[in-house]
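A.B. asks: return atomic coordinates for the entry below.
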Amino acid sequence: MKKIITLSTLAAFSLVLMALPGASPGTAEEKAAKDAYVKAPETIITENIPPIPVDIEEKMRQYRDMKSASFVDWDPREQGMIVRTRTGNTTQLCWLEKPGAELKQLTDFKEPVTRGYFSPDPARKYFLFAKDVEGEENYQFFRYDLETGQSVMITDGKSRHEAIVFNHNGDRFAYDNNSRSGILFDVYIMDPDKPTEAKLVYKAGKPAYYIPSAWLHDDRHLLVIEYISANKAGTLLVDTVSGRFENLTPESDKDFSFLLAAASNDDKYLYGSSDQNGEFNQMIRYERTTKKIDVITGDIPWDIDTAVPSKDMKKTAFLVNEDGIGRLYLLNPDTLKYNAVTSIPEGVITDITFDRAGKKLFLNISNARMYNDAFHLDLETMELVQWTKSDTAGLELSAFPTPQLIHYPTFDKVEGKTRMIPAFYYLPAKKSTHPFPVLIYIHGGPEGQEKPDFQGTYNYFINELGIAVVCPNVRGSSGYGKSYLMLDNAEKREDSVKDMGALLDWIATRPELNKKRVAVAGGSYGGYMVLAAMVHYSDRLACGVDIVGISNFVTFLKNTSAYRQDLRREEYGDERKIGDFLNKISPLTNAHKIKKPLLVIQGKNDPRVPPSEAEQIVATVKKNNVPVWYLVATDEGHGFNKKYNSDYMYYAIVRFLQEYLLK
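C.D. replies: Model prediction:
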C-alpha cells in the first residue's frame, strides 16, 4: 500500500499547489491563498483529499455548532438532573437545577463522557460515570464527588467495563468486565467507596456478553442477561453471596430473546420482554415458583424497546418501537393494564426514568425539528415540562424537513406478496431545483435501525446543497420482527445488498429525483453496505462514502477485538467454517468492480473495525484508476467523537459530494 501522506508532507505539498503565478514564496498573495483553505487538525491524516475551501467551513458553521442538551439521570435528593451536552470539543456532563436554568459543567475531559449513574441512596453524594481513551472503548468507571467536584477512577485502568446497575439499598452496583481473559465478560459487584474490594459473582463459561440488568429486592439476587446474538439471549438469576445461579430461560430448539430486568416488591414476579412466541419482543411477567409466563402486550404488533419501573413498583413506563417511531405507554404492574401517552411529540424517545416518588417521568425527545431535549411528564396532570432547549446556533429548526415514512418493493416475496422495505425520506424544500441529487444513508449494526431522529449535519446536505436523503431499513434491521432481523445472516448477506438495488429502482421511478446523481454513505456495517453497493451497482452510483466500514469479512473477523469475535460470527458466519464464501462476497475481493469515486474515513484506534479494513480497500480500489480519498483520525475509534475531527470529516464529505455528486 502507498504510504499515507502525513500532515507535514501535505502541508509542504499544499504550498506548491497554492502558489500563485508569478508569486515568489512568502508573498502576501501566497499567504492569502493558503489562508483560503481549511487547516486540518493535527490529529487528521489525509491522502488524495484536495485543499478544502474555507467557504465550506463558513457555510457549515451553524450546522456544525448545533448541540443537544439531554437528560442523563435524576438526583435522588430531588435537587436536579445530570445533562449531557458538548462543551468545547467533547460531550461532557453538566448539572441542571430546574427547567430552563443555566447549565453548570461537572466533568471536563479531553475524551467524551456521555452517561452518569446516581446511587438510589440520597446520602451517597456522588455519581458514577464511564470514559475511555481516544476511542479504544476500554471504558473505566469513575466516582464523581458532588461536594468537591473531584473524580476518582475506581476500575483497573486497562480492561473493558460495562453496565452500572445499583442495588436497591444503593451501597453496591453490579457491572461486567473482561479483565480475567480479555475475551469473556464476568459479572462483579462493587461498593464505590471500596473499589479494591470488588467481588466476582459470576464467571463466564462461554463467549457471550453477561450483562447485569436488575437486582431483586432482597439485594442478594441479580438478574444477568446472557447475550449471544441479536436474536438469541436469555436471563440468569445469580446469587451474589453463594455464587450459584439459575438459568431462567425456557428450553427451546429455536433461537429467541428472553430478557428479564425488574422484580415485584416481594420478588415473586419478574418482568421483561421476549419474542419466544411471536415476531416481536412483548412485555412478559415470569412467576418464579411456577415458571408461568404471562404475555402482557400481546395486542401490540411491535417491539417493546425499553421498560422501566418506578421505585415503588406501582407504575411501569415502556416504549414501543412502531415502525421506527417511539410510543410511550404507562402500565399498572398489579392489573397488567396499560394506556398510551398521547401528549408526547412524535419522534424518538429515550432514557425514560422515574423520580424517587414516582410522580415524574424523565425522558429525552428527538425528532426532525427537535435536537434531543430533556423533559419530564407530570404523572398526575400528564403535563409535559421541558427542561432543556438545545443550542441551534441561530438556525430555525421549524424550517428543517420532516421525513416521509415510505415502503418500497424489493426482489422477493413474503406470504405471496412482494416484500416492502421501510425507509425515511427527506426532501429539500426548494422544489424548483428538482430533480434532486440523492444521498442514500445506510445505518450500521447490521441490527441497527434508522429512526426519524434529528438529522444534524445532514440537514446541511438537504437544506443548503439541495440533496434528497433516503435512509432505508434493509433486511437485517431491528424493529420489524425476528424473521426480518435474520434475513441477512451468514450466506444471506448479499440479500440486503439487493435491497439497495431495489431502492435504486425506486429512485428511478421518482420524477423529483435524479437517478443519474445518486451517492451512498454509511458507517460500520453501513460502510460495508456502501462498498458492496459500489461493487454491484457502480454503474448506477455517482460516488460512495465509507466510514469505518468492513471491506473483507474474513480479515475483519480475524482482527476485530477478541471479545467481539464470537458475537460477530453469530451474525456474519464463522470464517473458520465458511471462509471461502465470506471471501467471495467481500468487497475487497470484488474491488475491481468499483468504478466510481470513493471516500474512506477511519479512526486509528477502532477496536471494532480495525484500520486494516480501510487500508486494504483504499490500496486496492486505487488500482482501478478512480479517485480514492482517505481520511484517518489518530485519536478516534469507531466513529469521530471530537468536534475538531468531526468538523473536518464533514468538510471533506461536502467537498467530495461537490466534486462527484453535484457537478
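A.B. asks: what ranges does the stretch 51-200 of the chain have for its helices?
C.D. replies: With DSSP state H, counting those that start in this stretch as the definition, the stretch 51-200 of the chain shows helices at residue ranges 54-65.
A.B. asks: quick one, strands of it?
C.D. replies: 69-74, 81-87, 90-96, 104-105, 116-118, 126-131, 140-145, 151-153, 161-166, 173-177, 186-190, 199-202 (DSSP state E, counting those that start in this stretch).
A.B. asks: between those strands, which one is nearest to Asp55?
C.D. replies: strand 81-87 (24.2 Å; C-beta to C-beta). Glycine gets a C-beta too; all of them are placed from N, C-alpha and C.
A.B. asks: CA atoms of that closest one as PDB?
C.D. replies: Below are the C-alpha coordinates for strand 81-87, written out as PDB (Å, rounded to 0.1, in the frame of the first residue of the first chain):
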ATOM      1  CA  MET A  81     -30.600  16.300  37.000                       C
ATOM      2  CA  ILE A  82     -27.400  15.400  35.100                       C
ATOM      3  CA  VAL A  83     -27.400  16.600  31.500                       C
ATOM      4  CA  ARG A  84     -25.000  15.700  28.700                       C
ATOM      5  CA  THR A  85     -24.000  18.300  26.200                       C
ATOM      6  CA  ARG A  86     -21.000  19.300  24.200                       C
ATOM      7  CA  THR A  87     -18.600  21.700  25.900                       C
END
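A.B. asks: contact partners of it?
C.D. replies: Residues outside strand 81-87 that contact it (C-beta atoms under 8 Å, 6 or more residues apart in numbering) are 67-75, 91-96, 103, 105-106, 108, 113-116, 118, 127, 362, 374, 387-388, 390-391, 643.
A.B. asks: quick one: strands adjacent to that strand?
C.D. replies: Strand 81-87 pairs in its sheet with strand 69-74 (antiparallel), strand 90-96 (antiparallel), by DSSP bridges.
A.B. asks: relative to strand 126-131, how tilted is the shortest one?
C.D. replies: Computed by axes from the mean of the first three to the mean of the last three C-alpha atoms, to 10 degrees, the angle separating strand 69-74 from strand 126-131 equals 130 degrees.
A.B. asks: returning to what we had before: in CSV, list the strands paired with strand 81-87 along with mean neighbour count, mean pLDDT and distance to Thr335.
C.D. replies: Shown next, in CSV, are these (neighbours: other C-beta atoms under 10 Å; pLDDT from 0 to 100; distance: least, C-beta to C-beta, whole Å):
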stretch, mean neighbour count, mean pLDDT, distance to Thr335
strand 69-74, 22, 97, 26
strand 90-96, 21, 98, 35
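A.B. asks: among those, which is nearest Val224?
C.D. replies: With C-beta to C-beta as the criterion, Val224 lies closest to strand 69-74 of the strands paired with strand 81-87, at 22.0 Å.
A.B. asks: can you list the residues that contact the closest one?
C.D. replies: Applying C-beta under 8 Å, 6+ apart, the external contacts of strand 69-74 come out as 81-85, 93-94, 103, 114-118, 127, 350-351, 353, 355-356, 362-364, 372-375, 387-391.
A.B. asks: again, only using 6 Å
C.D. replies: 81-85, 116-118, 351, 353, 355, 362, 364, 372, 374, 388, 390 (C-beta atoms under 6 Å, 6 or more residues apart in numbering).
A.B. asks: where does Glu615 land in three-state SS?
C.D. replies: Using DSSP: H, G, I helix; E, B strand; the rest coil, the structure places Glu615 in helix.
A.B. asks: okay, now it: neighbour count?
C.D. replies: Neighbour count of Glu615, defined by other C-beta atoms under 10 Å: 18.
A.B. asks: repeat that for the one 3 residues further on.
C.D. replies: Number of residues near Val618 (other C-beta under 10 Å) recorded here: 25.
A.B. asks: quick one, phi psi at it?
C.D. replies: phi -60, psi -50 (degrees, to the nearest 10).
A.B. asks: you'd agree Ala508 is up against Lys515?
C.D. replies: Yes. Judged on C-beta atoms under 6 Å, Ala508 makes contact with Lys515 at a distance of 4.3 Å.
A.B. asks: for these two, indicate the residue with more neighbours.
C.D. replies: Lys515 (16 against 13).
A.B. asks: phi, psi of that one?
C.D. replies: Dihedral angles for Lys515 - degrees, to the nearest 10 - are phi -70, psi -10.
A.B. asks: equivalent analysis for Phe258, please.
C.D. replies: According to degrees, to the nearest 10, Phe258 has phi -140, psi 100.
A.B. asks: can you give me the distance of it to Val187?
C.D. replies: 18 Å (C-beta to C-beta, to the nearest Å).
A.B. asks: could you do Pro446 as well?
C.D. replies: For Pro446 relative to Val187 (C-beta to C-beta), the value is 28 Å.
A.B. asks: looking at the strands paired with strand 81-87, which is nearest to Asp635?
C.D. replies: strand 90-96 (10.9 Å).
A.B. asks: what's next to that closest one, contact-wise?
C.D. replies: Residues contacting strand 90-96 (C-beta under 6 Å, 6+ apart): 80-85, 103-107, 112-114, 116, 642.
A.B. asks: likewise stretch 504-517?
C.D. replies: 408, 434-438, 468, 537, 540, 542, 661.
A.B. asks: give me the distance between the two termini of it.
C.D. replies: 11 Å (C-alpha to C-alpha, to the nearest Å).
A.B. asks: give the buried residues for it.
C.D. replies: For stretch 504-517, the neighbour count (16 or more other C-beta atoms under 10 Å) marks 504, 506-507, 510, 513-515, 517 as buried.
A.B. asks: can you tell me which of the contacts of strand 90-96 is nearest Lys59?
C.D. replies: Closest to Lys59 out of the contacts of strand 90-96 is Lys642 (21.6 Å), distances taken as C-beta to C-beta.
A.B. asks: coming back round to it: now for the contacts of stretch 504-517: which two are most distant?
C.D. replies: Once C-beta to C-beta is applied, the contacts of stretch 504-517 give His434 and Tyr537 as the farthest pair, at 22.2 Å.
A.B. asks: one step back: can you list which of the buried residues of stretch 504-517 are found in helices?
C.D. replies: 504, 506-507 (DSSP state H).
A.B. asks: related to what we said a few turns ago, quick one: the contacts of stretch 504-517 as JSON lines, columns for pLDDT and secondary structure too.
C.D. replies: Formatted as JSON lines, these follow (pLDDT from 0 to 100; DSSP: H, G, I helix; E, B strand; the rest coil):
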{"residue": "Tyr408", "pLDDT": "98", "secondary structure": "strand"}
{"residue": "His434", "pLDDT": "77", "secondary structure": "coil"}
{"residue": "Pro435", "pLDDT": "94", "secondary structure": "coil"}
{"residue": "Phe436", "pLDDT": "96", "secondary structure": "strand"}
{"residue": "Pro437", "pLDDT": "97", "secondary structure": "strand"}
{"residue": "Val438", "pLDDT": "98", "secondary structure": "strand"}
{"residue": "Ala468", "pLDDT": "97", "secondary structure": "strand"}
{"residue": "Tyr537", "pLDDT": "98", "secondary structure": "coil"}
{"residue": "Arg540", "pLDDT": "98", "secondary structure": "helix"}
{"residue": "Ala542", "pLDDT": "98", "secondary structure": "coil"}
{"residue": "Leu661", "pLDDT": "98", "secondary structure": "coil"}
